[in-house]
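*Asks:* What shape does this take:
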Amino acid sequence: MKKNYNYTRRKLYLPEYGRHIHEMIDSLLAIEDRRERNRQARAVIAVMGNLNPLLRDTADFTHKLWDHLFIMSDFQLDVDSPYPRPSRQELTVAPHRLRYAQSRFKFKHYGKYVERMIEKLASEHDPRAVAQTVDNLARYMRTKSYEYNQDHPNNEVIVKDIKRMSGGAIEIDEVALNNLRSDYKQHFTARPQKGPQRQQQLRQQKNRNQPYNRNYSKNNGPYRNSSK
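*Replies:* Down below sits the predicted model:
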C-alpha cells in the first residue's frame with residue numbers, strides 16, 4: 001500500500017486555502033476549452049470567497065481573490081480576469097535594505113544624546129547658557145551612571161567625562177561641583193540579606209506579625225486581652 005504523506009506532495013503556494021483549492025486550480029489547467037475554463041475559474045473564486053465570508057465587504061476583496069488564483073496556479077493559468085493580471089516580478093520585489101546608524105560613542109552608560117549635547121555646547125558662546133545646561137546634564141549623568149553601575153559616581157569623574165566629551169572646551173568651577181555634590185540624592189531599595197542576617201530579619205518579621213498579650217484596666221477592673 002502506497003502512503004501519501006504531505007512531505008512527498010508539492011509545496012502549497014498559499015497554505016491558508018488548503019490543498020483542495022490548489023487541486024481545483026490544477027484541474028483548471030487541464031481544461032482546453034477557454035469558455036469552460038473561465039466558467040470553472042469563476043466557480044473556484046466563489047469557493048475561495050466562501051472560506052472568508054467576513055471579508056466580503058472589505059475593499060478589493062474580489063481583486064485579491066483573483067490575484068491569489070494566479071499565484072496558486074504559479075502564474076500559468078490563462079483565464080479572462082476582470083482585473084489586471086499580476087506578474088511574478090511584481091509580487092516578488094525585494095524590499096530595500098534599511099541602513100542602520102553605526103555611530104560609535106565612548107560613554108555608553110550616559111547615552112549618545114548626552115554626548116551630542118555636550119558637543120553642541122562646546123560651540124556655544126553664551127557662558128551662562130552653557131553653565132546652566134552643563135549643570136543639568138551633570139545631574140542627569142549621575143543618575144544614568146548610578147543606573148548603569150549601581151554605585152554612586154564620584155563628582156570628579158563626571159567633570160572629567162564632560163571635559164573629555166567636549167574636547168576640553170567646557171570647564172566646571174568648584175562652586176558648581178559643590179552644588180552638584182549637595183543636590184544629588186539617589187533613592188534605592190535595600191536588597192534582602194542572606195545567611196544569618198536574613199534569618200534574623202525573618203524572625204523579627206514573624207514576631208511583628210504575631211499577636212501579643214496586653215494587660216490593662218477596663219471599667220475599674222483588670223482586663224486581659226488575649227487572642228487565645
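*Asks:* mind checking how far residue 89 is from residue 29?
*Replies:* Computed as CB to CB, to the nearest Å, the residue 89 to residue 29 distance reads 21 Å. From N, CA and C alone the C-beta is placed, and that goes for glycine too.
*Asks:* For the two, indicate the residue with more neighbours.
*Replies:* Set residue 89 next to residue 29 and count neighbours by other CB atoms under 10 Å: residue 29 wins out with 12 against 8.
*Asks:* so who does the more buried one touch?
*Replies:* Each residue near residue 29 by CB atoms under 8 Å, 6 or more residues apart in numbering is listed here: 73, 76, 77.
*Asks:* now residue 117
*Replies:* 133, 137.
*Asks:* coming back round to it: give the buried subset of the contacts of residue 29 as a PyMOL selection command.
*Replies:* With 16 or more other CB atoms under 10 Å as the criterion, this PyMOL line picks the buried residues out of the contacts of residue 29:
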select buried, resi 73+77
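*Asks:* Adding distance to residue 168, pLDDT and secondary structure, write the contacts of residue 29 out as CSV.
*Replies:* Formatted as CSV, these follow (distance: CB to CB, whole Å; pLDDT from 0 to 100; DSSP: H, G, I helix; E, B strand; the rest coil):
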residue, distance to residue 168, pLDDT, secondary structure
73, 70, 91, coil
76, 71, 90, coil
77, 73, 90, coil
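*Asks:* Same list, the contacts of residue 29, but as a markdown table with distance to residue 134 please.
*Replies:* Output for those, formatted as a markdown table (distance: CB to CB, whole Å):
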| residue | distance to residue 134 |
| --- | --- |
| 73 | 68 |
| 76 | 70 |
| 77 | 70 |
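*Asks:* Show me which of the contacts of residue 29 is closest to residue 42.
*Replies:* Proximity to residue 42 was ranked across these by CB to CB; first place goes to residue 77, at 12.5 Å.
*Asks:* I'd say that closest one and residue 71 touch.
*Replies:* No. With contact defined as CB atoms under 8 Å, residue 77 does not count as touching residue 71 (9.8 Å).
*Asks:* where does the protein have its least confident helix or strand?
*Replies:* Among the helices and strands of the chain, strand 214-217 carries the lowest confidence by mean pLDDT, DSSP states H and E, at a mean of 46.
*Asks:* I'm done for today, thanks for sticking with me.
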